[in-house]
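Asks: got a sequence here, can you model it:
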Amino acid sequence: MTKRFMPKTWALTAVTATAAAMALVGTVGATGAAAADAARVSSVTPAHSAAASAGAVLVKEVKTAQGTVDIYRHSAAEVQPFSASGCAGGSFEVCININGSGTFVYYIENKTHFPSAGTVNMQINGPSGVIAQTGNFYESGGWYSFVVNFDYNVARGYYCATSFTYTSRQGACETVS
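Replies: Residues are numbered from 1 along each chain as shown. All right, here's what the predicted structure looks like:
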């Protein structure tokens, strides 16, 4: 090769090396980001919130930073009052079920009875605010629930299951200590 063509070859080699380095950095960065996302997701909610009881119908899946929240509609026959939880309200009733011991919580469930059809939103709140919410969805009246899995120690304090309609709000709270 003559010296006239060497700078072009050097430039092509430099561009190729730069592109390879950028691809490597992008792969390492994406792998690190994926690992961080996986750690965050597995620390709050696995791929899906919980298996439904027999007869329950999946009405909505909500993708959140914590994973997927599944919302189920239950038949009246399968709904039993929670023995280790609190309920509030009358015909618009909200119940919270915290499964665990001390500050170790396996899961928290919001189970709500909506007396009539409409657009609603369900939440689970903790000492630092909203942990998970369903977003607005249309329900046809009856019992609906969703569960957030934890499987770790949570902060001490009040945890609430709260549900909203366009005209009402109802919540039930329990203390984790």
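
Asks: now Val57, nearest residue through space, not along the chain?
Replies: Sequence neighbours aside, Arg73 is the residue nearest to Val57 in space, at 4.8 Å (criterion: C-beta to C-beta, 6 or more residues apart in numbering). No exception for glycine: its C-beta is placed from N, CA and C like everyone else's.

Asks: pretty sure that neighbour contacts Phe146?
Replies: No: taking contacts as C-beta atoms under 8 Å, Arg73 lies outside contact range of Phe146: 10.9 Å.

Asks: tell me which of these two has more neighbours.
Replies: Neighbour count, other C-beta atoms under 10 Å: between Arg73 and Phe146, Phe146 has more, with 26 against 19.

Asks: how many neighbouring residues does the residue nearest to Ser116 when sequence neighbours are not counted have?
Replies: The shortest distance from Ser116 to any non-neighbouring residue, by C-beta to C-beta, 6+ apart, is to Gly141 (5.1 Å). For Gly141, the number of neighbouring residues by other C-beta under 10 Å comes to 12.

Asks: how about Asn99, what does it touch?
Replies: Neighbour list for Asn99: Ala84, Val105, Tyr106, Tyr107, Ile108, Glu109 [criterion: C-beta atoms under 8 Å, 6 or more residues apart in numbering].

Asks: can you read off the pLDDT for it?
Replies: Note for Asn99: predicted pLDDT of 93.

Asks: now do the SS call for it.
Replies: strand (DSSP: H, G, I helix; E, B strand; the rest coil).

Asks: how much space separates it from Asn149?
Replies: 10 Å (C-beta to C-beta, to the nearest Å).

Asks: likewise Gly141?
Replies: Taken as C-beta to C-beta, the span from Gly141 to Asn149 is 27 Å.
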